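> Next come a sequence and a model predicted from it.
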Amino acid sequence: MLLTAIIIYLIITVAIGAWSSKLVKNSSDFVLAGRQLPLFLSASALFATWFGSETIFGASSEYLDSGLQGVIEDPFGGALCLVLFGMFYLRPMYRMNVLTIGDVYKRIFGSKVEFMASLFMIPAYFGYVAAQLVALALIFNSIADISIAIAIVISAGIVVFYTFLGGMWAISITDFIQTTLIVVGLIWVSVMVSQQAGGITPILESAPEGSFQFFPEAKPTAWLNYLGAWMILGLGSIPSQDIYQRVMSAKSEKVAIRSTYLAGGFYVTIGLLPLFIALGAKYLYPEIYLENKQLLLPEMVLRHGGIHVQILFFGALISAIMSTTSSGLLAPAAIISENLIRPYFGKRLNDKHFLWILRVNIVLVALVATFMAQWKTNIYELVAEASMLMLVSLFVPLTAGLYWKKASEAGALASLIGGMFAYLILSTIDLPIYAHLPALLISLIFMIIGTLAFPKLNKT
């Protein structure tokens with residue numbers, strides 16, 4: 001019964017993707033839904049940006065190990081990113097009216113920075129999509145007894161199919177349906193767990209000491225790592241194509257801004273439900289917790305939830321992860337097409353050619369992510385690594401380009417390359433603080449030095 005319901009849901013999702021293809025006439029429709037999304041579609045799409053495997057699987061298991069301080073990155077950092085984007089980054093970028101965030105770098109600094117920023121951005125998405133594929137595979141493994149390796153391939157095929165057909169239109173429409181399922185499903189399971197435990201109080205009282213401590217101890221290194229955790233998603237995802245394409249798909253600047261605030265508030269509140277469910281599951285069924293922390297929630301529902309709860313919960317899980325995966329596939333595909341291929345072949349190819357190039361890129365990105373998913377299966381680590389790569393290389397040039405009038409092309413290139421290489425070197429050293437903190441500082445220093453040494457030329 002559960003497997004049948006999941007199959008029906010997947011067929012409906014693919015059908016929506018096929019129908020959405022009728023709305024796609026050009027590359028702008030495919031990447032930004034023609035900038036026509038109303039508030040409810042825009043906000044639900046933004047909410048679903050990261051509300052996937054890392055929030056439901058990764059964050060819940062991290063919370064059980066480390067308390068609230070272990071999940072500062074997500075959901076708190078994710079909500080921070082949406083709010084900051086709406087406050088400081090959305091307006092100037094929305095008014096540029098360009099297709100990708102790579103185009104933003106080009107508009108500010110020129111084609112060299114566009115090329116380097118695009119090259120540095122693309123690899124981050126492979127790990128990000130791989131994390132979602134692992135999570136989908138874990139679900140299919142739980143409900144259908146399929147091997148993880150085969151389940152990863154099946155998961156990739158399903159998401160690629162409807163993203164390939166409908167692009168951002170398919171993502172946005174399915175996001176609205178999926179967001180509804182996520183909210184209803186998580187609330188329903190939270191109520192079920194509370195009833196089985198005899199109320200909310202016994203669950204909260206069962207939490208280990210320090211589980212609800214939000215701030216770190218009064219030590220410099222503890223506070224630096226605490227702030228570093230906020231930065232991973234809070235700042236690291238600001239210069240990313242997936243959030244850019246969702247925000248810029250809104251039908252107006254005002255709708256886009258409201259969407260970021262709504263999605264940010266929604267993200268941090270609904271994002272706490274998986275933590276509560278995980279705590280309740282550990283309290284009620286400690287034997288499942290000891291088997292596999294990442295599978296605690298689905299195993300609890302499978303063993304102790306009724307068929308209606310199972311259908312709703314797994315529908316919500318699959319919805320959340322598929323939404324995040326589809327966006328993660330479209331983002332690098334758009335960057336490759338618009339910022340690496342179009343500058344060199346744009347005069348020879350028309351927009352229909354680029355629409356097909358976008359679709360082929362989606363398949364190629366999925367293939368790379370599938371290989372990565374077979375290689376590494378820690379969901380939280382895969383997502384964190386993806387965000388940190390963008391934080392140390394892309395965040396400073398974007399912010400400086402928007403708010404520092406003197407920021408130059410040389411400074412941006414130095415910041416991009418210096419920050420990335422600093423992180424790759426520092427991450428191999430055993431440091432008392434996160435490697436991305438000094439790497440981010442180095443990126444900022446290189447931005448300043450490069451700009452002062454090679455200032456921006458005044459245009460006549």
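Here it is on my side, so go on. All figures in this text were calculated on a predicted structure; none of them were measured in a lab.
> okay, CA-based contacts and neighbour counts for the rest of this
Noted.
> Low-confidence regions, the stretch 1-150 of the chain specifically.
52-54 (pLDDT under 70).
> Tell me where it has helices.
Applying DSSP state H, counting those that start in this stretch to the stretch 1-150 of the chain gives helices spanning 2-20, 27-32, 39-47, 53, 59-66, 77-84, 90-96, 101-109, 111-144, 148-197.
> Check these for me and report the most buried one.
Here the criterion is mean neighbour count by mean count of other CA atoms under 10 Å, and of those the winner is helix 53, at a mean of 28.
> Assess the claim that Ile417 and Ser393 are in contact.
Yes. Counting by CA atoms under 8 Å, Ile417 touches Ser393, with 6.7 Å between them.
> ok, now how distant is Val159 from Thr55?
To Thr55, Val159 is 19 Å away according to CA to CA, to the nearest Å.
> Give the full set of residues in contact with Ser42.
Shown here is Ser42, whose contacts under the criterion CA atoms under 8 Å, 6 or more residues apart in numbering are 172, 246-247, 249-250, 255-256, 259.
> Then Gly166?
Going by CA under 8 Å, 6+ apart, Gly166 touches 17-24, 30.
> how about a markdown table for the residues you listed, with distance to Gly411 added?
As requested, the contacts of Gly166 are exported to a markdown table (distance: CA to CA, whole Å):
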| residue | distance to Gly411 |
| --- | --- |
| Gly17 | 42 |
| Ala18 | 45 |
| Trp19 | 46 |
| Ser20 | 42 |
| Ser21 | 42 |
| Lys22 | 44 |
| Leu23 | 41 |
| Val24 | 39 |
| Phe30 | 33 |
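> of the residues you listed, closest to Phe215?
Comparing the contacts of Gly166 against Phe215 with CA to CA places Phe30 closest, at 42.6 Å.
> any idea how far that closest one lies from Ala218?
49 Å.
> just Pro432 next, same as before
For Pro432, the distance to Ala218 - CA to CA - is 15 Å.
> Against Ile433, how distant is Thr221?
For Thr221, the distance to Ile433 (CA to CA) stands at 6 Å.
> Please name the residues that touch the residue most central in space within the chain.
Nearest to the geometric centre of the chain sits Trp50, at 3.7 Å (CA atoms, centre = their mean). Residues near Trp50 by CA under 8 Å, 6+ apart: 78, 324.
> Next, it: phi, psi?
phi -120, psi 0 (degrees, to the nearest 10).
> Measure how far the direction of whichever strand or helix holds Ala316 deviates from that of helix 111-144, in degrees.
Ala316 is located in helix 307-335, with elements delineated by DSSP states H and E. Calculated by axes from the mean of the first three to the mean of the last three CA atoms, to 10 degrees, helix 307-335 forms an angle of 160 degrees with helix 111-144.
> just the helices in the stretch 201-350 of the chain please.
According to DSSP H, counting those that start in this stretch, the helices that the stretch 201-350 of the chain contains are 220-234, 241-247, 253-270, 273-284, 286-291, 296-304, 307-335, 342-345.
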